[in-house]
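S.K.: Turn this into a model:
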Amino acid sequence: MSQSPIFEYADGNANRYILTNNQLEYIPVKPEESSSGIYSGGTPISITITQEKRHQIQEAIQLLIDNPKLHLPNRVKMSGLLRNRTENVSVIIKPGPELSTLDSLLISTLTN
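M.R.: Now for the predicted structure:
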């Protein structure tokens, strides 16, 4: 049986999301880790998700990874860093509507 990929995403503020088989974990930036020394990403949370939701998130992530037009060579403000830990693939995604769609999907999954 093949293992489901493990994805890690750092959003434009460096808050991290980790997607495993049936878990979505949010690891927020703490003020002492932020560039301003003030920003806080909030409270950490880990939730169990359905396979359907996992597939939806994985598909959104894979679309970004597979689209080289969205990739940047270096991290810039508000860009996203996506990693497929299982396949050891990392890409930087430029800020824009595609990245905002992923952000919205992850936030809505964690808050609903």
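S.K.: dump the residue contacts of the spatially closest residue to Q51 that is not a sequence neighbour.
M.R.: In space, and not counting its chain neighbours, Q51 is closest to N22: 7.2 Å by C-beta to C-beta, 6 or more residues apart in numbering. Where C-beta positions appear, they are placed from N, C-alpha and C, glycine not excepted. By C-beta atoms under 8 Å, 6 or more residues apart in numbering, the residues touching N22 are T48, I49, T50, Q51, R54.
S.K.: swap the cut-off to 7 Å and go again
M.R.: T48, I49, R54 (C-beta atoms under 7 Å, 6 or more residues apart in numbering).
S.K.: Restricted to buried residues, select these in PyMOL.
M.R.: The command below creates a PyMOL selection of those among these that count as buried (16 or more other C-beta atoms under 10 Å):
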select buried, resi 49+54
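S.K.: Show only the entries of the contacts of N22 found in strands.
M.R.: In strands, judged by DSSP state E, the following of these are found: T48.
S.K.: Out of the contacts of N22, the closest to N15 would be?
M.R.: I49 (17.8 Å; C-beta to C-beta).
S.K.: for the nearest residue to L81 once chain neighbours are set aside, phi and psi?
M.R.: Leaving aside its chain neighbours, L81 sits nearest to A10 (4.3 Å; criterion: C-beta to C-beta, 6+ apart). A10 adopts backbone torsions of phi -110, psi 120, taken as degrees, to the nearest 10.
S.K.: Sounds good, over and out.
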